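Participant: Provided below are the primary sequence and the corresponding predicted coordinates.
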2 protein chains.
Amino acid sequence: MKTISENRCFGGVQGVYSHASQSTGGDMTFGLFLPEEAETGAVPVIWYLSGLTCTHENAMTKAGAQRWAAEMGVALVFPDTSPRGEGVANDPAYDLGQGAGFYVNATQAPWAPHFRMWDYVTDELPRVLFNSFPLAEEAQAITGHSMGGHGALTIAMSFPGRFRSVSAFSPICNPTASDWGRKQFTAYLGSDEATWAPHDATLLMKKRGFDGPMLIDQGTADQFIDLLKPEALAGAMAERRQGGTFRMQKGYDHSYFFVSSFMEEHVAFHAQALHG
Amino acid sequence: MKTISENRCFGGVQGVYSHASQSTGGDMTFGLFLPEEAETGAVPVIWYLSGLTCTHENAMTKAGAQRWAAEMGVALVFPDTSPRGEGVANDPAYDLGQGAGFYVNATQAPWAPHFRMWDYVTDELPRVLFNSFPLAEEAQAITGHSMGGHGALTIAMSFPGRFRSVSAFSPICNPTASDWGRKQFTAYLGSDEATWAPHDATLLMKKRGFDGPMLIDQGTADQFIDLLKPEALAGAMAERRQGGTFRMQKGYDHSYFFVSSFMEEHVAFHAQALHG
């Protein structure tokens, strides 16, 4: 593992690291914020999965999360959103290829060799992190924004017991019924829609739900709201009698000005589950 | 004036606007955060001047200041750091020309026609702001980072009575004795060092000081600390018996991870002076 940078931040350290990844067949970069408490012992960790076009860096610099993580004694991990670099397939569209991994394992050409973000985020990166940093494997939570909200919700529901709490900011809620989903699942997974279902938060909610606290925030002025389909997930949560909170935040859009506005409440929500 | 964007943020609005500027002879862009209180009346305002290579955008997205401005009911204005666009002189170096206006009025070719950031920030932009937005002209404070800390300190000391409080994050403290200063003042103002003195915070501190509360934060691990010369300003403040606080923050560097770590305290410091 290579240290790209380490900056003192709110009494802790905001680091950026890269490592050779077996699952994606190339170097992967991630951000990790460790609060001061990590100097003396393992700390709980919140995963933050980013959205389309983002790298490990966007939330790390724009979400304002470190302030709350420091105060509440939790670590934050910021994975990249796709494989990158020479020899990695790409597409001119912003919503396919590099920066748009959609947290799935691609089975189709030309994506299959590198686009294995499901394995990377759920298996390889956890092993790297828990081997190398003072993080408490038994105290994990997960959140994300947009495509990363989709990732957080689908991963949380697919690994019962792993995450104590899940939240999301303006997640892609129902990708099998949206142009943010059908296009990418066709490209990465092929035309058999049965392979898509495990990657749709609304379908997973109907089938399994999440055994723990759940918090969703969605801006009412979100310019992408028709692609996100919050009504599908909100309806599925209610139908299932899933415990959780789904908030429509009046006047907020899809930007990090929205994410940062509610970050304190998300970190506090997870910290309560992690420390409780 | 043209609205570039407006985003709901912490209950207020983060706007970006552009306008034709007489002082710089071209369009200028600035950010303005208005807290919810601005819907019903004029609010106090904190000026935030940015550093080398920055635009109006850096602090607006990375400093985490809106959270505190919203809580404390103050506006934030984020000016650009130089003129830009076609016909505006530039230099390949990151520390001269566009993105590096140094908050002076250039008198030398090729900079003189557009590089009039002193007039822009101290005269034209205030008139634009107080004419167009619900801001209380009698309740202003000023801060900045690096080159912007230099701007904040020199402007605050040059307009007695205008700003109730001044602060800075890792400011360029003594530019007439630093390569961050001598190079730019020679280019913009010419070789007569008498014209440089009004733009050196340490020299102004020795001559005038500031009649109000003052707060400086400087990271001990700042990679540019030899160019910033905090010892010159700290010494001058002590010699003058200037009321104020100068903090050396152990382990912090020059980045926005440092700035954001102490933003809450700076906004609170100014809010106390502004609301008091």
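Facilitator: Here it is on my side, so go on.
Participant: Could you use CA atoms for every contact and neighbour count after this?
Facilitator: Fine.
Participant: Residue A:269 belongs to a strand?
Facilitator: No. Judged by DSSP: H, G, I helix; E, B strand; the rest coil, residue A:269 forms no part of a strand; its state is helix.
Participant: how close does it get to residue A:51?
Facilitator: According to Cα to Cα, to the nearest Å, residue A:269 stands 21 Å off from residue A:51.
Participant: which stretches of the stretch 101-250 of chain A form strands?
Facilitator: A:135-144, A:163-169, A:214-219, A:245-249 (DSSP state E, counting those that start in this stretch).
Participant: Out of those, which one sits most buried?
Facilitator: Mean neighbour count (mean count of other Cα atoms under 10 Å in any protein chain shown) peaks for strand A:163-169 among the strands of the stretch 101-250 of chain A, with a mean of 28.
Participant: hang on, the earlier thing: more neighbours, residue A:269 and residue A:51?
Facilitator: Between residue A:269 and residue A:51, residue A:51 has the larger neighbour count (other Cα atoms under 10 Å in any protein chain shown), namely 28 against 18.
Participant: Using the three-state scheme, assign that one.
Facilitator: Here residue A:51 is recorded as coil under three-state DSSP.
Participant: show me what contacts it?
Facilitator: By Cα atoms under 8 Å, 6 or more residues apart in numbering or on different chains, residue A:51 lies in contact with A:81, A:100, A:144-149.
Participant: coming back round to it: make CSV from the strands of the stretch 101-250 of chain A and add mean pLDDT and distance to residue B:221 to it.
Facilitator: Formatted as CSV, the strands of the stretch 101-250 of chain A follow (pLDDT from 0 to 100; distance: least, Cα to Cα, whole Å):
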stretch, mean pLDDT, distance to residue B:221
strand A:135-144, 98, 26
strand A:163-169, 98, 35
strand A:214-219, 95, 38
strand A:245-249, 90, 40
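Participant: Make a markdown table out of these and add distance to chain B.
Facilitator: Listed next are these as a markdown table, based on distance: least, Cα to the nearest Cα, whole Å:
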| stretch | distance to chain B |
| --- | --- |
| strand A:135-144 | 18 |
| strand A:163-169 | 14 |
| strand A:214-219 | 9 |
| strand A:245-249 | 10 |
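Participant: Nearest to residue A:275 among the ones you listed would be which one?
Facilitator: Evaluated over the strands of the stretch 101-250 of chain A, closeness to residue A:275 peaks at strand A:135-144, with 7.9 Å, by Cα to Cα.
Participant: Report the beta-bridge partners for the spatially most central residue of chain A.
Facilitator: Note on chain A: the residue nearest the mean C-alpha position is residue A:49, at 2.2 Å, using Cα atoms, centre = their mean. Using DSSP bridges, the bridge partners assigned to residue A:49 are residue A:144.
Participant: isn't it right up against residue A:155?
Facilitator: No. With contact defined as Cα atoms under 8 Å, residue A:49 does not count as touching residue A:155 (10.5 Å).
Participant: Tell me the pLDDT of residue A:258.
Facilitator: Looking at residue A:258, its pLDDT stands at 98.
Participant: ok, and it, which helix or strand is that part of?
Facilitator: Using DSSP states H and E, residue A:258 maps to helix A:256-275.
Participant: Quick check: which helices or strands does that helix pack against?
Facilitator: With contacts taken as 3 or more Cα pairs under 8 Å, 6 or more residues apart in numbering or on different chains; DSSP states H and E, helix A:256-275 sits against strand A:43-49, helix A:57-62, helix A:65-72, strand A:135-144, strand A:163-169, strand B:2-9.
Participant: Direction-wise, compare the longest one with strand A:163-169 and give the angle.
Facilitator: Put plainly, it is strand A:135-144. Counting by axes from the mean of the first three to the mean of the last three Cα atoms, to 10 degrees, strand A:135-144 points 30 degrees away from the direction of strand A:163-169.
Participant: distance of residue A:181 from chain B?
Facilitator: Distance of residue A:181 to chain B, computed by Cα to the nearest Cα, to the nearest Å: 26 Å.
Participant: Can you name the residues that contact the closest residue to that residue other than its chain neighbours?
Facilitator: Distances taken as Cα to Cα, 6 or more residues apart in numbering or on different chains place residue A:175 nearest to residue A:181, at 4.0 Å, with adjacent residues excluded. Contacts here follow Cα under 8 Å, 6+ apart; on that basis residue A:175 touches A:181-182, A:199-200, A:228.
Participant: try it again with 10 Å
Facilitator: Residue A:175 makes contacts with A:102, A:147, A:150, A:181-185, A:196-197, A:199-203, A:227-229, as judged by Cα atoms under 10 Å, 6 or more residues apart in numbering or on different chains.
Participant: Report the separation between it and residue B:242.
Facilitator: Residue A:175 sits 61 Å away from residue B:242, going by Cα to Cα.
Participant: now swap in residue A:107 and tell me
Facilitator: Computed as Cα to Cα, the residue A:107 to residue B:242 distance reads 68 Å.
Participant: And residue A:220, by the same measure?
Facilitator: From residue A:220 over to residue B:242 the distance is 50 Å, taken as Cα to Cα.
Participant: who has more neighbours, those two?
Facilitator: Each of residue A:220 and residue B:242 has its neighbours counted (other Cα under 10 Å); residue B:242 has more, 19 against 16.
Participant: per-residue confidence for that one?
Facilitator: 89.
Participant: Nearest spatial neighbour of it, chain-adjacent residues omitted?
Facilitator: In space, and not counting its chain neighbours, residue B:242 is closest to residue B:209: 6.5 Å by Cα to Cα, 6+ apart.
Participant: hang on, the one you found packs against residue B:202?
Facilitator: Yes. Here residue B:209 lies in contact with residue B:202, judged by Cα atoms under 10 Å, at a distance of 9.1 Å.
Participant: Residues of chain A that sit close to chain B?
Facilitator: Within chain A, the residues that sit near chain B (Cα under 10 Å from any Cα of the partner chain) are A:6-14, A:58-67, A:70, A:219, A:221, A:249-262, A:264.
Participant: Tell me the buried residues within those.
Facilitator: Using 16 or more other Cα atoms under 10 Å in any protein chain shown as the burial test, these include A:6-14, A:58-67, A:70, A:219, A:221, A:249, A:251-262, A:264 as buried.
Participant: so residue A:18 bridges to which residues?
Facilitator: Residue A:18 has these beta-bridge partners by DSSP bridges: residue A:2, residue A:29.
Participant: Contacts only, for it.
Facilitator: Applying Cα under 10 Å, 6+ apart, we find residue A:18 in contact with A:1-4, A:27-31.
Participant: mind running it again at 7 Å?
Facilitator: Residue A:18 makes contacts with A:1-4, A:27-30, as judged by Cα atoms under 7 Å, 6 or more residues apart in numbering or on different chains.
Participant: got it, and residue A:149?
Facilitator: For residue A:149, the contact set (Cα under 7 Å, 6+ apart) comprises A:49, A:143, A:168-172.
Participant: ok, back up a step: how close does the residue nearest to residue B:242 sit to chain A?
Facilitator: According to Cα to the nearest Cα, residue B:209 and chain A sit 31 Å apart.
Participant: burial of that residue, as a residue count?
Facilitator: Applying other Cα under 10 Å, we find 24 residues neighbouring residue B:209.
Participant: do you know how far it is from residue B:201?
Facilitator: Distance from residue B:209 to residue B:201, by Cα to Cα: 9 Å.
Participant: Residue A:185 too?
Facilitator: Going from residue A:185 to residue B:201 by Cα to Cα gives 58 Å.
Participant: Counting neighbours, go ahead and name the busier of these two.
Facilitator: Shown here are residue A:185 and residue B:201; by other Cα under 10 Å, residue B:201 has more neighbours (31 against 26).
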